Structures are given as C-alpha cells and as structure tokens.
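Chemist: structure for this input, please:
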Amino acid sequence: MKIEFKSSFQKDLNSLHRDEKLFARIKEIILLVESSNSIDAVGNVKKLKSDGLYYRIRIGDYRMGMIVEGETAIFVRILHRSRIYRYFP
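Modeler: Sure thing, here's the model as predicted:
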C-alpha cells in the first residue's frame, strides 16, 4: 500500500519521541502497512463505525487513526486511548 502522513500525525509523533519502545513499534506497524496489499492483512486493525473509511490500530495504550482510500493509507493521528476518539475521526 502507498502511505501518506498528515501534519497532525507528525506532531503527535514528535510528542512521543521519548518513548523508544513505542516509537519502534509505530515504525514497525507503518512498515507492515506499507508492505501489505490490503488493510485486512495488518493485525490489531478495526474499522470505526462512523461514516467513511476510518480505521484504528491498537498499540498498547495508544491508538493510531488512519483513513484507507483504495490502495492508500493516510495516517492522521496517534494519541493515547483516552484522547483519540475526541480528535479522530
């Protein structure tokens, strides 16, 4: 899949740079999404109930919000599980 990043995702990543284990796991998931043919091949992915093509990936206490349009995955936010659903989708 082709991947893109929103500026909000990059800002969220900058705030998480101190947690090296989490950062390594995020990198691993991004590479997995990039190498897969469909979003269903990636683990811990759940389609959100809202209208549209919104998905979330669970990473411990954090959630990565993304939009999947055809062969493109757009990473929008990565926030703590208590805050992600306020800001995404």
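
Chemist: which residues sit in contact with Glu71?
Modeler: For Glu71, the contacting residues are 1-2, by C-beta atoms under 8 Å, 6 or more residues apart in numbering. C-beta: built from backbone N, CA, C; applies to glycine.

Chemist: let me redo that: Tyr55
Modeler: 39, 45-48, 65-68.

Chemist: average pLDDT across the strand or helix carrying Met66?
Modeler: Using DSSP states H and E, Met66 sits within strand 62-69. Throughout strand 62-69, pLDDT has a mean value of 94.

Chemist: elements contacting it?
Modeler: helix 20-35, strand 54-59, strand 72-80, helix 84-87 (3 or more C-beta pairs under 8 Å, 6 or more residues apart in numbering; DSSP states H and E).

Chemist: to Phe9, which of the ones you listed lies closest?
Modeler: strand 72-80 (4.5 Å; C-beta to C-beta).

Chemist: quick one: contacts of that closest one?
Modeler: 1-6, 8-9, 12-13, 16, 26, 30, 33-34, 39, 59, 61-68, 84, 87-89.
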